[in-house]
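1. Predicted structure and sequence below. I'll ask about it afterward.
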Amino acid sequence: DTAVSQTPKYLVTQMGNDKSIKCEQNLGHDTMYWYKQDSKKFLKIMFSYNNKELIINETVPNRFSPKSPDKAHLNLHINSLELGDSAVYFCASSQGTGGIDFGPGTRLTVT
Amino acid sequence: AQSVTQLGSHVSVSEGALVLLRCNYSSSVPPYLFWYVQYPNQGLQLLLKYTSAATLVKGINGFEAEFKKSETSFHLTKPSAHMSDAAEYFCAVSETGGGNKLTFGTGTQLKVEL
């Protein structure tokens, strides 16, 4: 199936740990994103990459580091996890003005 | 700067009744507007989008929305609600189309009652 996929779906970890979330899209899109959805369901963009190049970085703490090895992948690494990082993280992709396709989300719980 | 306001964080309708979810936008340039739906524990699915073509936009699952520049609105409607429509709905705006960031509203939880 063509889609945006991300792993893992659930991630439970302790404060201070480092974790990564992987994302892949096989839609042939040039632009990929990471969005964060907080406990009140508010969605906010974190990063955007176009053809592996960072184009948006929305004042995200530098503990968060995106990496795009190629235009089909955009991974998110988080260092020194904090309680406030608990959220659902969505990977997404787009091409032109057609709207953004979202992945299923990764629910991160920091204890 | 762009922004979206969704009036009513919770809307409840009876099955078969009209669904109306309100969205007002603010944008310094002609906007691109989107409605997304999120079912529990799932990702976001695009319902419909306005990209400066027809002002009345038809989407999936019987939903439609009308772009009204004079009212800076993009309300979502469906003539007859179904139980399966119960979900969270998000309005979003982009100033440069899908190739740039979406700014989301705070969402409206739609409840459909028998």
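-> Here it is on my side, so go on.
2. so the residue in chain A that chain B sits nearest to, which of the three states?
-> Nearest to chain B in chain A, going by C-beta to the nearest C-beta, is residue A:97, at a distance of 3.1 Å. C-beta: built from backbone N, CA, C; applies to glycine. With DSSP: H, G, I helix; E, B strand; the rest coil as the basis, the three-state label of residue A:97 is coil.
3. What lies in contact with the helix-or-strand element of chain A with minimal mean pLDDT?
-> Least confident helix or strand, chain A: strand A:53-57 with a mean of 84, by mean pLDDT, DSSP states H and E. Under the criterion C-beta atoms under 8 Å, 6 or more residues apart in numbering or on different chains, residues A:31, A:33, A:45, A:46, A:47, A:48, A:49, A:66, A:68, B:100, B:101 lie in contact with strand A:53-57.
4. give the contact list for the fifth one.
-> Taking C-beta under 8 Å, 6+ apart as the criterion, residue A:47 is in contact with A:33, A:34, A:54, A:56, A:57, A:58, A:60, A:64, A:66, A:74, A:76.
5. if we look at stretch A:92-100, which residues are touching it?
-> A:4, A:25, A:27-35, A:101-103, B:32, B:34, B:46, B:49, B:51, B:97-99, B:102.
6. er, stretch B:34-50 I mean
-> A:4, A:41, A:43, A:90, A:98-105, B:21, B:23, B:31-33, B:57-61, B:63-65, B:67, B:74, B:76, B:87-94, B:102, B:104, B:107.
7. gap between that stretch and the chain center?
-> Stretch B:34-50 has its C-alpha centroid displaced from the chain centroid by 8 Å (C-alpha atoms, centre = their mean, to the nearest Å).
8. now the strands: where do they sit in the chain?
-> I went with chain A, as the question did not name one. For chain A, the strands defined by DSSP state E cover A:4-7, A:10-13, A:19-25, A:31-37, A:43-50, A:53-57, A:64-70, A:73-78, A:87-94, A:100-102, A:106-110.
9. nope, chain B please
-> Using DSSP E, strands in chain B cover B:3-7, B:10-14, B:19-26, B:32-38, B:44-50, B:56-58, B:64-68, B:73-78, B:87-94, B:103-104, B:108-113.
10. any chance of the ones you listed in JSON lines, with mean neighbour count, distance to residue A:13 and mean pLDDT too?
-> Listed next are these as JSON lines, based on neighbours: other C-beta atoms under 10 Å in any protein chain shown; distance: least, C-beta to C-beta, whole Å; pLDDT from 0 to 100:
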{"stretch": "strand B:3-7", "mean neighbour count": "16", "distance to residue A:13": "33", "mean pLDDT": "94"}
{"stretch": "strand B:10-14", "mean neighbour count": "14", "distance to residue A:13": "33", "mean pLDDT": "97"}
{"stretch": "strand B:19-26", "mean neighbour count": "18", "distance to residue A:13": "36", "mean pLDDT": "96"}
{"stretch": "strand B:32-38", "mean neighbour count": "24", "distance to residue A:13": "24", "mean pLDDT": "94"}
{"stretch": "strand B:44-50", "mean neighbour count": "21", "distance to residue A:13": "25", "mean pLDDT": "93"}
{"stretch": "strand B:56-58", "mean neighbour count": "14", "distance to residue A:13": "42", "mean pLDDT": "95"}
{"stretch": "strand B:64-68", "mean neighbour count": "18", "distance to residue A:13": "40", "mean pLDDT": "96"}
{"stretch": "strand B:73-78", "mean neighbour count": "21", "distance to residue A:13": "37", "mean pLDDT": "98"}
{"stretch": "strand B:87-94", "mean neighbour count": "23", "distance to residue A:13": "26", "mean pLDDT": "95"}
{"stretch": "strand B:103-104", "mean neighbour count": "22", "distance to residue A:13": "27", "mean pLDDT": "92"}
{"stretch": "strand B:108-113", "mean neighbour count": "17", "distance to residue A:13": "29", "mean pLDDT": "97"}
